[in-house]
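Chemist: Need a 3D model of the sequence below.
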Amino acid sequence: MGSRRSLLFFIFFFFFASHSFVTSRILPEISVTTSSILDVAESIRKTKDASSFQLNQQEDQTHSPSSSSSFSLQLHSRASVRGAEHPDYKSLTLARLELSYGDGSYTVGDFATETLTIGSASVENVAVGCGHSNEGLFVGAAGLLGLGGGLLALPSQLNTTSFSYCLVDRDSDSVSTVEFGSDISRDAVVAPLLRNHQLDTFYYLGLTGISVGGEMLQIPMSSYEMDESGSGGIIIDSGTAVTRLQTEIYNSLRDAFVKGTTDLERAAGVAMFDTCYNLSAKTTIEVPTVAFHFPGGKMLALPAKNYMIPVDSVGTFCLAFAPTASSMAIIGNVQQQGTRVAFDLANALIGFSSNKC
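Modeler: Purely as a prediction, here's the structure:
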């Protein structure tokens, strides 16, 4: 990907990038409540056609401060938040922007304010980062949109208490969308949205369990919960590709999935994935349905394409979950594709609406 010496526009702090090497579509059909049908042939064909993916991305959609009358560099990041109350408010030192991500991507630049225009509406003095040196998975992007819970995230700056986004498949001709001021759909699967005062940027899910093939994993509910110190819990993140589960939960999920796929030929693991299959001779397969469970008996069943993904062009598919040594688990964007995820911050709720992109 390399390093790019250009101005890249960032709006803080929780990011929308899809950090995954998978660029293929899988077209599943849900057959019964405990299993899903996967169209393998279509997935393999799409993977073979994906070599031009990087070439089709628009590059260098960079922001030009000199062409903007509303662009303003800020003197001190903490001063910018607290204003004249901060002792360094009159400092002549420009606020430095340095952000790094778990996949090794990073950006270095300046803290600034700019007028943000969405449709016919404009908002002045929106805090942004203007990156001069950017390395990693930023190719083709004009910037990154921050939707987290921090003061500098866009929802806080827009003073909105609700928003939603829908991530389409990576090779889709459609466009992923984000809406501000949108309500949770009436047919959505609604779950508690929890916050951690130690890490106010993250959105935590009130998850009560995970099932595979209609059978709940034998994991204590406490394993999904955040403790009194703020450790543990499960966050939802549009900037992480693959869902990472605590080792105990992941091992239980993997073992249950393997038990339900004994008729499929196993393949060697690939990168972070240790549960892979050789499906080169298959056209369709039936796999156990993976579902997330929430309070009140509510359940979000994932389509097969959101957890069985192709990793090459010759028919190797892997279970798209991975273990983490961290006490905190992450629901990533592969598992969110094709689902509108709506945040009701005022009522501390999150809603999932399938096929609402």
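
Chemist: Helices of the chain, start to end?
Modeler: For the chain, the helices identified by DSSP state H occupy 40-48, 77-82, 154-157, 247-259, in order along the chain.

Chemist: pLDDT on the third one, on average?
Modeler: Put plainly, it is helix 154-157. Helix 154-157 carries an average pLDDT of 88.

Chemist: Show me what that helix is packed up against.
Modeler: Counting by 3 or more Cβ pairs under 8 Å, 6 or more residues apart in numbering; DSSP states H and E, the packing neighbours recorded for helix 154-157 are strand 121-135. No exception for glycine: its C-beta is placed from N, CA and C like everyone else's.

Chemist: Give me the sheet partners of the strand it packs on and which way each runs.
Modeler: Taking DSSP bridges as the criterion, strand 121-135 pairs within the sheet with strand 3-11 (antiparallel), strand 106-118 (antiparallel).

Chemist: Comparing the ones you listed by mean pLDDT, which bottoms out?
Modeler: Per-segment confidence across the strands paired with strand 121-135 bottoms out at strand 3-11, which has a mean of 45 in mean pLDDT.

Chemist: how many neighbours does the nearest residue to Thr247 once chain neighbours are set aside have?
Modeler: Closest residue to Thr247 apart from its sequence neighbours, by Cβ to Cβ, 6 or more residues apart in numbering: Pro323 at 4.6 Å. Pro323 has 18 neighbouring residues, counting by other Cβ atoms under 10 Å.

Chemist: Do I have it right that Pro323 meets Tyr250?
Modeler: Yes. In this structure, Pro323 sits in contact with Tyr250. The criterion is Cβ atoms under 8 Å, and the distance is 4.0 Å.

Chemist: Roughly how far does the residue nearest to Thr247 sit from Leu264?
Modeler: 21 Å (Cβ to Cβ, to the nearest Å).

Chemist: buried ones in stretch 347-357?
Modeler: Leu349, Ile350, Gly351, Phe352, Ser353, Ser354, Lys356, Cys357 (16 or more other Cβ atoms under 10 Å).

Chemist: Now do the end-to-end distance for it.
Modeler: Taking Cα to Cα, to the nearest Å, the first and last residues of stretch 347-357 lie 23 Å apart.

Chemist: pLDDT averaged over it - what is it?
Modeler: Averaging pLDDT residue by residue across stretch 347-357 gives 90.

Chemist: what's that stretch in contact with?
Modeler: Contacts of stretch 347-357 with the rest of the structure, by Cβ atoms under 8 Å, 6 or more residues apart in numbering, involve 164, 166-168, 174, 176-177, 184-185, 187-195, 203, 205, 236, 300, 303, 338-344.

Chemist: Buried only: go through those for me.
Modeler: Buried, going by 16+ other Cβ under 10 Å: 164, 166-167, 176, 184-185, 188-195, 203, 205, 236, 300, 303, 338-344, out of these.

Chemist: Select from those residues every entry located in strands.
Modeler: Using DSSP state E to define strands, the subset of these located there is 164, 166, 189-194, 205, 236, 300, 339-344.

Chemist: And Thr284, how far from Asn355?
Modeler: Separation of Thr284 from Asn355 (Cβ to Cβ) stands at 20 Å.

Chemist: How about the contacts made by Ser176?
Modeler: Contacts of Ser176 were listed using Cβ under 8 Å, 6+ apart, and they are Tyr165, Cys166, Leu167, Val168, Cys357.

Chemist: which among the residues you listed gets closest to Val290?
Modeler: Among the contacts of Ser176, Leu167 lies closest to Val290 (Cβ to Cβ), at 17.8 Å.

Chemist: Surely the closest one and Gln335 touch.
Modeler: No. Under the criterion of Cβ under 8 Å, Leu167 lies out of contact with Gln335, with a separation of 10.0 Å.

Chemist: about what we covered before: tell me what the residue nearest to Thr247 is bridged to.
Modeler: Partner residues in beta bridges with Pro323, using DSSP bridges, are Leu245.

Chemist: State the pLDDT value of it.
Modeler: Confidence per residue is given as pLDDT, and for Pro323 that number is 95.

Chemist: what do you get for Gln337?
Modeler: Per-residue confidence at Gln337 stands at 92 (pLDDT).

Chemist: next one: Gly233
Modeler: At Gly233 the predicted local confidence, pLDDT, stands at 95.

Chemist: Show the backbone phi and psi for it.
Modeler: Dihedral angles phi and psi of Gly233 (degrees, to the nearest 10) take the values phi 90, psi 180.

Chemist: Return the residues in contact with it.
Modeler: With contact set as Cβ under 8 Å, 6+ apart, Gly233 has these partners: Leu194, Asn196, Tyr204, Leu205, Tyr224, Glu225, Met226, Met328, Ala329.

Chemist: Among those, give me the pair with the biggest separation.
Modeler: With distances taken as Cβ to Cβ, the most widely separated pair in these is Asn196 and Tyr224, at 14.0 Å.

Chemist: The two: which is more packed in?
Modeler: Each of Asn196 and Tyr224 has its neighbours counted (other Cβ under 10 Å); Tyr224 has more, 23 against 19.

Chemist: Identify the residue nearest that one in space, chain neighbours excluded?
Modeler: Distances taken as Cβ to Cβ, 6+ apart put Leu207 closest to Tyr224, at 4.6 Å, once the chain neighbours are dropped.

Chemist: I figured the one you found was touching Phe294, is that so?
Modeler: Yes. Under the contact definition of Cβ under 8 Å, Leu207 touches Phe294, with a separation of 6.4 Å.
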